[in-house]
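Asker: Give the three-dimensional model of this entry:
(one chain, ligands or ions: 1)
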Amino acid sequence: MSETAVLVASSLSASLGKRVVLHDISLALPGRHLVALVGPNGAGKTTLLRVLAGLLPSKGRIEVCGDALSSLSLQERARRFSYLPQGHQIHWPLPTKDVVALGRYPHGAIDPGRLTDHDAAAVMRAMQMADVTDLSDRRVTELSGGERCRVALARVLAVEAPVLLADEPTASLDPRYQIEILIKLRATADSGTLVVVVTHDLGLAARFADIILVMSEGRLVSQGPPADALSEAIMSEVFRIRTYRADHEREIVLVPWAEV
Ligand SMILES: Nc1ncnc2c1ncn2[C@@H]1O[C@H](COP(=O)(O)OP(=O)(O)OP(=O)(O)O)[C@@H](O)[C@H]1O
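Answerer: Next comes the predicted model:
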């Protein structure tokens, strides 16, 4: 990979309980890229995302922006990684703008009501990017699922971290919102961030990602540009499906079609 890697992992392995769920994973991912992490249920995608962010212990080495993850304080890790967990829910009836301001917590903004100009500007940029400025004073508990999803995205964007990790950010959204979220993540990557997104939507992954990482049974079994990483052989061996493939408006169309 010619570009400078922002996130490097070498020989990672991790266990949950007595089970080894990640085996010998090595990768090097540059900034300004949208990376889709795909694989069947239970392949280890969420575990890998959490290990990369330092939220789960692992063996091996992780470097972010040239520093060993293990050498960084928790606050510094929180500034370098923004993490959108799977099925993210907000249960407190906070106004949208305060939820988004929580993204500035790693930068020392502990009171959403008293942000510095710098933090307030970052919150505004994130709200504009996620298209939630018109929801600013609405309570998040009174928003639709799609609106809440955009607010959750705005919160992680407000961190303005060099690495954004998002676990199934489009799950349970309607097709329009799914496309909208991918367009926003694409734009975030284009502005310089390394964005890693876990998804089961192979069509959106093939269309929007620069790099696809395919996991199976805790191992990285394929990686590269979508057409290579999601080859018909990988589809068959890893996902046990055949796909319909075409081009539309000069973008890849990939539709899961039948079991093999
Ligand atoms: N707390 C736990 N203890 C033991 N095993 C676990 C635990 N959590 C998850 N696992 C196992 O680890 C493996 C990887 O789980 P993980 O959630 O990372 O998979 P995934 O690829 O994200 O799956 P999905 O697509 O279903 O969300 C699975 O086999 C799962 O059963």
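Asker: Helices of the stretch 101-250 of the chain, start to end?
Answerer: Per DSSP state H, counting those that start in this stretch, the stretch 101-250 of the chain carries helices over the ranges 117-129, 145-158, 175-190, 202-208, 226-229, 232-234.
Asker: Distance to the ligand and mean pLDDT added to those helices, as JSON lines?
Answerer: To be clear about C-beta, it is placed using only N, CA and C from the backbone, and glycine gets the same treatment. As requested, those are exported to JSON lines (distance: least, Cβ to the nearest ligand atom, whole Å; pLDDT from 0 to 100):
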{"stretch": "helix 117-129", "distance to the ligand": "26", "mean pLDDT": "95"}
{"stretch": "helix 145-158", "distance to the ligand": "17", "mean pLDDT": "91"}
{"stretch": "helix 175-190", "distance to the ligand": "16", "mean pLDDT": "92"}
{"stretch": "helix 202-208", "distance to the ligand": "13", "mean pLDDT": "95"}
{"stretch": "helix 226-229", "distance to the ligand": "16", "mean pLDDT": "94"}
{"stretch": "helix 232-234", "distance to the ligand": "16", "mean pLDDT": "95"}
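Asker: and residue 38, which of the ones you listed is closest to it?
Answerer: Residue 38 sits nearest to helix 202-208 of all the helices of the stretch 101-250 of the chain, at 5.6 Å, using Cβ to Cβ.
Asker: and that closest one, what other elements does it pack with?
Answerer: strand 34-38, helix 175-190, helix 226-229, strand 251-259 (3 or more Cβ pairs under 8 Å, 6 or more residues apart in numbering; DSSP states H and E).
Asker: from those, which stretch is densest packed?
Answerer: Mean neighbour count (mean count of other Cβ atoms under 10 Å) peaks for strand 34-38 among the helices and strands packed on helix 202-208, with a mean of 25.
Asker: Can you list the strands that that strand pairs with?
Answerer: Note on strand 34-38: by DSSP bridges, its sheet partners are strand 194-198 (parallel), strand 211-216 (parallel).
Asker: Select, out of those, the one closest to residue 224.
Answerer: Nearest to residue 224, of these and by Cβ to Cβ, is strand 211-216 at 6.7 Å.
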